[in-house]
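1. The following comprises the amino acid sequence and a computationally predicted model.
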Amino acid sequence: MHVAIAGNIGAGKTTLTKLLAKHFNWEAQLEDVVDNPYLDDFYNQMERWSFNLQVYFLNSRFRQVSQIRESGRDIIQDRTIYEDAHIFAPNLHAMGLMTNRDFENYKSLFELMEGFVEGPDLLIYLRSSIPNLVSQIHKRGRDYENSISIDYLSRLNERYEAWIHGYNKGNLLVIDVDNMDFVANPEDLGTIINKIDAEINGLF
(Lines give C-alpha, C1' and ligand atoms only; values in the text may rest on other atoms or scores of the structure.)
Protein backbone atom coordinates (compact mmCIF):
# COMPACT_ATOMS: atom_id res chain seq x y z
CA MET A 1 0.00 0.00 0.00
CA HIS A 2 1.52 3.30 -1.10
CA VAL A 3 -0.23 6.50 -0.02
CA ALA A 4 1.23 9.93 -0.82
CA ILE A 5 0.38 13.44 0.33
CA ALA A 6 0.70 16.35 -2.09
CA GLY A 7 0.32 20.07 -1.53
CA ASN A 8 1.94 23.48 -1.59
CA ILE A 9 4.57 24.72 0.88
CA GLY A 10 2.87 25.11 4.27
CA ALA A 11 -0.23 23.02 3.46
CA GLY A 12 0.49 20.59 6.32
CA LYS A 13 1.84 17.58 4.41
CA THR A 14 4.54 16.53 6.88
CA THR A 15 2.30 16.93 9.93
CA LEU A 16 -0.53 14.95 8.36
CA THR A 17 1.89 12.29 7.10
CA LYS A 18 3.10 11.69 10.67
CA LEU A 19 -0.44 11.65 12.13
CA LEU A 20 -1.74 9.19 9.52
CA ALA A 21 1.34 6.97 9.82
CA LYS A 22 0.67 6.70 13.54
CA HIS A 23 -3.06 6.02 13.12
CA PHE A 24 -2.84 3.44 10.32
CA ASN A 25 0.48 1.99 11.46
CA TRP A 26 2.09 2.95 8.15
CA GLU A 27 5.77 3.73 7.67
CA ALA A 28 6.34 7.44 7.01
CA GLN A 29 8.70 8.58 4.25
CA LEU A 30 9.39 12.26 4.88
CA GLU A 31 10.82 14.93 2.61
CA ASP A 32 14.53 15.50 3.08
CA VAL A 33 14.64 19.16 4.15
CA VAL A 34 17.06 18.85 7.06
CA ASP A 35 19.91 17.20 5.17
CA ASN A 36 19.26 18.95 1.86
CA PRO A 37 22.55 20.72 1.03
CA TYR A 38 20.95 23.14 -1.46
CA LEU A 39 17.89 24.61 0.28
CA ASP A 40 19.55 27.56 2.06
CA ASP A 41 21.54 28.50 -1.03
CA PHE A 42 18.46 28.16 -3.24
CA TYR A 43 16.30 30.54 -1.23
CA ASN A 44 19.14 33.08 -1.12
CA GLN A 45 20.02 32.80 -4.81
CA MET A 46 17.28 30.94 -6.70
CA GLU A 47 18.63 31.45 -10.20
CA ARG A 48 22.03 30.00 -9.35
CA TRP A 49 20.82 26.93 -7.43
CA SER A 50 17.43 26.01 -8.92
CA PHE A 51 18.71 23.24 -11.20
CA ASN A 52 20.91 21.72 -8.47
CA LEU A 53 18.03 21.73 -5.99
CA GLN A 54 15.55 20.16 -8.40
CA VAL A 55 17.96 17.40 -9.42
CA TYR A 56 18.64 16.70 -5.74
CA PHE A 57 14.90 16.34 -5.05
CA LEU A 58 14.38 14.22 -8.16
CA ASN A 59 17.19 11.86 -7.15
CA SER A 60 15.93 11.68 -3.55
CA ARG A 61 12.32 10.96 -4.54
CA PHE A 62 13.20 8.46 -7.26
CA ARG A 63 15.20 6.56 -4.66
CA GLN A 64 12.24 6.76 -2.24
CA VAL A 65 9.69 5.45 -4.75
CA SER A 66 12.00 2.60 -5.81
CA GLN A 67 12.45 1.55 -2.18
CA ILE A 68 8.70 1.84 -1.47
CA ARG A 69 7.83 -0.62 -4.24
CA GLU A 70 10.61 -3.02 -3.31
CA SER A 71 9.81 -3.01 0.42
CA GLY A 72 6.28 -4.42 0.11
CA ARG A 73 5.36 -2.44 3.25
CA ASP A 74 2.49 0.01 3.82
CA ILE A 75 4.07 3.43 3.35
CA ILE A 76 2.83 7.02 3.39
CA GLN A 77 5.01 9.48 1.51
CA ASP A 78 5.36 13.23 2.09
CA ARG A 79 5.26 14.76 -1.44
CA THR A 80 5.61 12.91 -4.76
CA ILE A 81 8.10 12.81 -7.61
CA TYR A 82 5.40 14.30 -9.87
CA GLU A 83 5.22 17.58 -7.96
CA ASP A 84 8.87 18.35 -8.66
CA ALA A 85 8.43 17.72 -12.38
CA HIS A 86 4.97 19.22 -12.96
CA ILE A 87 5.01 22.11 -10.49
CA PHE A 88 8.32 23.24 -9.01
CA ALA A 89 10.73 22.87 -11.93
CA PRO A 90 8.35 24.30 -14.60
CA ASN A 91 7.54 27.18 -12.26
CA LEU A 92 11.22 28.04 -11.80
CA HIS A 93 11.68 27.87 -15.57
CA ALA A 94 8.63 30.10 -16.21
CA MET A 95 9.93 32.66 -13.69
CA GLY A 96 13.27 32.81 -15.49
CA LEU A 97 15.03 31.14 -12.55
CA MET A 98 16.05 28.04 -14.52
CA THR A 99 17.60 28.24 -17.98
CA ASN A 100 16.05 26.54 -21.01
CA ARG A 101 19.08 24.24 -21.21
CA ASP A 102 18.80 23.15 -17.58
CA PHE A 103 15.03 22.71 -17.80
CA GLU A 104 15.26 20.52 -20.91
CA ASN A 105 17.96 18.44 -19.19
CA TYR A 106 15.77 18.13 -16.09
CA LYS A 107 12.66 17.13 -18.08
CA SER A 108 14.63 14.49 -19.97
CA LEU A 109 15.90 13.03 -16.68
CA PHE A 110 12.38 12.95 -15.19
CA GLU A 111 10.88 11.29 -18.27
CA LEU A 112 13.52 8.58 -18.07
CA MET A 113 12.80 7.99 -14.35
CA GLU A 114 9.03 8.08 -14.82
CA GLY A 115 9.24 4.92 -16.89
CA PHE A 116 10.50 3.07 -13.81
CA VAL A 117 8.00 4.30 -11.20
CA GLU A 118 4.31 3.77 -10.52
CA GLY A 119 1.92 6.30 -9.05
CA PRO A 120 0.74 5.85 -5.45
CA ASP A 121 -2.33 3.71 -4.75
CA LEU A 122 -3.90 6.81 -3.21
CA LEU A 123 -2.87 10.45 -3.58
CA ILE A 124 -4.17 12.88 -0.95
CA TYR A 125 -4.06 16.50 -2.13
CA LEU A 126 -4.20 19.21 0.55
CA ARG A 127 -5.86 22.22 -1.06
CA SER A 128 -5.11 25.54 0.65
CA SER A 129 -5.57 29.27 0.08
CA ILE A 130 -2.54 31.58 0.01
CA PRO A 131 -3.38 33.33 3.34
CA ASN A 132 -3.53 29.94 5.06
CA LEU A 133 -0.19 28.87 3.56
CA VAL A 134 1.47 32.13 4.62
CA SER A 135 0.11 31.74 8.15
CA GLN A 136 1.41 28.16 8.43
CA ILE A 137 4.83 29.05 7.01
CA HIS A 138 5.25 31.89 9.53
CA LYS A 139 4.06 29.65 12.33
CA ARG A 140 6.76 27.03 11.77
CA GLY A 141 9.47 29.69 11.44
CA ARG A 142 12.04 28.05 9.18
CA ASP A 143 14.70 30.67 8.44
CA TYR A 144 15.16 29.71 4.80
CA GLU A 145 11.42 30.11 4.15
CA ASN A 146 11.30 33.75 5.26
CA SER A 147 12.07 34.96 1.75
CA ILE A 148 9.24 33.03 0.04
CA SER A 149 7.02 35.57 -1.71
CA ILE A 150 3.24 35.51 -2.04
CA ASP A 151 3.73 35.65 -5.82
CA TYR A 152 5.85 32.48 -5.70
CA LEU A 153 3.24 30.64 -3.58
CA SER A 154 0.42 31.82 -5.87
CA ARG A 155 2.20 30.53 -8.96
CA LEU A 156 2.74 27.17 -7.27
CA ASN A 157 -0.93 27.00 -6.21
CA GLU A 158 -2.07 27.60 -9.79
CA ARG A 159 0.19 24.80 -11.04
CA TYR A 160 -1.01 22.45 -8.28
CA GLU A 161 -4.64 23.02 -9.24
CA ALA A 162 -3.90 22.43 -12.93
CA TRP A 163 -1.94 19.25 -12.13
CA ILE A 164 -4.64 17.85 -9.84
CA HIS A 165 -7.32 18.64 -12.42
CA GLY A 166 -5.59 16.32 -14.89
CA TYR A 167 -4.19 13.78 -12.41
CA ASN A 168 -4.48 10.23 -13.78
CA LYS A 169 -1.89 8.16 -11.89
CA GLY A 170 -4.37 6.52 -9.52
CA ASN A 171 -6.99 7.24 -6.87
CA LEU A 172 -7.23 10.84 -5.67
CA LEU A 173 -8.64 12.37 -2.49
CA VAL A 174 -8.81 16.18 -2.28
CA ILE A 175 -9.00 17.74 1.19
CA ASP A 176 -9.61 21.47 1.70
CA VAL A 177 -7.47 22.37 4.70
CA ASP A 178 -8.39 26.06 5.04
CA ASN A 179 -11.00 25.48 7.74
CA MET A 180 -9.33 22.46 9.30
CA ASP A 181 -6.94 22.08 12.20
CA PHE A 182 -6.09 18.38 12.24
CA VAL A 183 -3.42 18.95 14.92
CA ALA A 184 -5.55 20.69 17.55
CA ASN A 185 -8.95 19.30 16.61
CA PRO A 186 -9.34 15.49 16.75
CA GLU A 187 -12.68 15.76 14.90
CA ASP A 188 -10.93 17.26 11.87
CA LEU A 189 -8.37 14.47 11.86
CA GLY A 190 -11.21 11.95 12.27
CA THR A 191 -12.98 13.39 9.21
CA ILE A 192 -9.83 12.91 7.12
CA ILE A 193 -9.30 9.37 8.44
CA ASN A 194 -12.91 8.44 7.57
CA LYS A 195 -12.44 9.72 4.01
CA ILE A 196 -9.22 7.73 3.65
CA ASP A 197 -10.88 4.59 5.04
CA ALA A 198 -13.61 4.93 2.42
CA GLU A 199 -11.02 5.33 -0.35
CA ILE A 200 -8.94 2.38 0.85
CA ASN A 201 -11.99 0.14 1.17
CA GLY A 202 -12.81 1.04 -2.43
CA LEU A 203 -9.35 -0.09 -3.53
CA PHE A 204 -9.75 -3.67 -2.36
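-> Arrived safely, thanks for sending.
2. Tell me, how many residues neighbour residue 88?
-> By the criterion of other CB atoms under 10 Å, residue 88 has 20 neighbours. Any C-beta I mention is one placed from the backbone N, CA and C, and that applies to glycine too.
3. Surely it touches residue 152?
-> No: Residue 88 is not in contact with residue 152 according to CB atoms under 8 Å; the separation is 10.4 Å.
4. Provide a list of residues in contact with residue 74.
-> 1, 3, 24-27 (CB atoms under 8 Å, 6 or more residues apart in numbering).
5. Tell me the buried residues within the residues you listed.
-> By neighbour count, with 16 or more other CB atoms under 10 Å, these hold 1, 3, 26 as buried.
6. just checking, which of these belong to helices?
-> Among the buried ones among the contacts of residue 74, DSSP state H puts none in helices.
7. Just give me the closest of the residues you listed to residue 126.
-> residue 3 (13.0 Å; CB to CB).
8. who's in contact with that closest one?
-> 20, 26, 74-77, 120-124, 196.
9. Inside strands: which ones of these?
-> Residues of these located in strands (DSSP state E): 75-77, 122-124.
10. what about the longest helix seen in the chain, average pLDDT?
-> In the chain, taking DSSP H as the definition, the longest helix is helix 46-71. The average pLDDT within helix 46-71 is 91.
11. What is the most widely separated pair among the contacts of residue 3?
-> 74 and 123, at 15.4 Å, using CB to CB across the contacts of residue 3.
12. residues in contact with residue 27?
-> 21, 71, 73-76.
13. follow-up on the earlier one: got TSV for the contacts of residue 74, with distance to residue 189 and pLDDT too?
-> TSV is the format used below for those (distance: CB to CB, whole Å; pLDDT from 0 to 100):
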residue	distance to residue 189	pLDDT
1	19	89
3	15	95
24	12	95
25	15	95
26	15	95
27	19	94
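14. Identify the farthest-apart pair in those.
-> 3 and 25 (12.3 Å).
15. related to what we said a few turns ago, which one among the ones in strands among the contacts of residue 3 gets closest to residue 133?
-> residue 124 (16.8 Å).
16. where does that closest one land on pLDDT?
-> For residue 124, the pLDDT comes out at 97.
17. can you pull up the bridge partners for it?
-> residue 5, residue 173 (DSSP bridges).
18. which residue ranges form the helices in this structure?
-> Going by DSSP H, the chain shows helices at 13-24, 39-44, 46-71, 81-83, 89-94, 100-114, 130-140, 150-165, 186-203.
19. one step back: can you spell out which helices and strands pack onto the longest helix of the chain?
-> Under the contact definition 3 or more CB pairs under 8 Å, 6 or more residues apart in numbering; DSSP states H and E, helix 46-71 sits against strand 27-29, helix 39-44, strand 75-78, helix 81-83, helix 89-94, helix 100-114.
20. Quick one: low-confidence residue ranges for the protein.
-> 32-34, 141, 143-147, 203-204 (pLDDT under 70).
21. neighbours around the nearest residue to residue 170 once chain neighbours are set aside, how many?
-> Of all residues not flanking residue 170 in the chain, residue 119 sits nearest, at 4.3 Å (CB to CB, 6 or more residues apart in numbering). When neighbours are defined as other CB under 10 Å, residue 119 has 19 of them.
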